[in-house]
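> Output the structure for:
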Amino acid sequence: MATPTDQGALLLKRQLMDLQKTPVEGFSAGLIDDDDIFSWEVMIMGPPDTFYEGGFFKAHLLFPKEYPQKPPKMKFVSELWHPNIDKNGDVCISILHDPGEDKWGYERPEERWLPIHTVETIIMSVISMLADPNDESPANVDAGKDWRNDYNGAFKKKVMKCVRKSQDCL
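Below is the predicted model:
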């Protein structure tokens, strides 16, 4: 009988094959190490018509052994100035929060992790978040303040610096 870890590994292998066969515009994904299906590296292109456009942002998507019952963690390796990405690069987005009730009552259960999410739906949600942050609950309070109070000044300047840095790293 297959263990939950085996089931998660099979699911991730299938998703990797699907993404290799049919790439999705806006990002690319693969394994950090060919021997570890639970550790992925993702390259996200900055969404068009945002200050992030032209940037290439590297992130790691680390899946728990309990996947798909538990969500992965996502961390940007590239520097990124954004209200929902903390200063260490950790992504704070509802779909990556453990399933069930939110103890603070901020998120509805259907906004949180569901086992139907795939690498593609996670990354597409993060790309959407880049374009449209949730500034009511920022993981990076300073970026949230810049977004709200100085969008075309300090916020734009810091994001453009990250974009340039990401281009230099290619």
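
> Count the residues that sit near Gly100.
Gly100 has 9 neighbours, counted by other C-beta atoms under 10 Å. The way it works is simple: take the backbone N, C-alpha and C, and place the C-beta from them, glycine included.

> Regarding it, what is its secondary structure?
Assigned with DSSP: H, G, I helix; E, B strand; the rest coil, Gly100 falls in the coil class.

> For it, which non-adjacent residue is closest in space?
The shortest distance from Gly100 to any non-neighbouring residue, by C-beta to C-beta, 6 or more residues apart in numbering, is to Pro109 (5.9 Å).

> thinking that neighbour is in contact with His97, fair?
No. The pair Pro109 / His97 is not scored as a contact, 10.1 Å apart, by C-beta atoms under 8 Å.

> Look at the two and report which has more neighbours.
Between Pro109 and His97, His97 has the larger neighbour count (other C-beta under 10 Å), namely 15 against 11.

> isn't the more buried one right next to Glu110, touching?
No. In this structure, His97 is not within contact of Glu110 by C-beta under 8 Å, at 11.9 Å.

> Now do the longest helix belonging to the chain: everything it contacts.
Counting residues, the longest helix found in the chain (DSSP state H) is helix 4-21. With contacts defined as C-beta atoms under 8 Å, 6 or more residues apart in numbering, helix 4-21 is touched by 2, 28-31, 37-38, 40, 63, 65-69, 118-120.

> Make a PyMOL selection of whichever of these turn out to be buried.
Buried subset of these, written as a PyMOL selection, criterion 16 or more other C-beta atoms under 10 Å:
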select buried, resi 28+29+37+38+40+63+67+68+118+119
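
> List the ones among the contacts of helix 4-21 that fall in helices.
In helices, defined here by DSSP H, the members of the contacts of helix 4-21 are Val119, Glu120.

> show me what contacts the residue nearest in space to the middle of the chain?
Nearest residue to the geometric centre of the chain (C-alpha atoms, centre = their mean): Val126, 4.4 Å. By C-beta under 8 Å, 6+ apart, the contact list for Val126 reads Ile44, Ala59, Met74, Val91, Ile93.

> Pull out the buried members of those residues.
Among the contacts of Val126, those classed as buried by 16+ other C-beta under 10 Å are Ile44, Ala59, Met74, Val91, Ile93.

> Could you find the lowest-pLDDT member of these?
Least confident of these in the model: Ile93, at 92.
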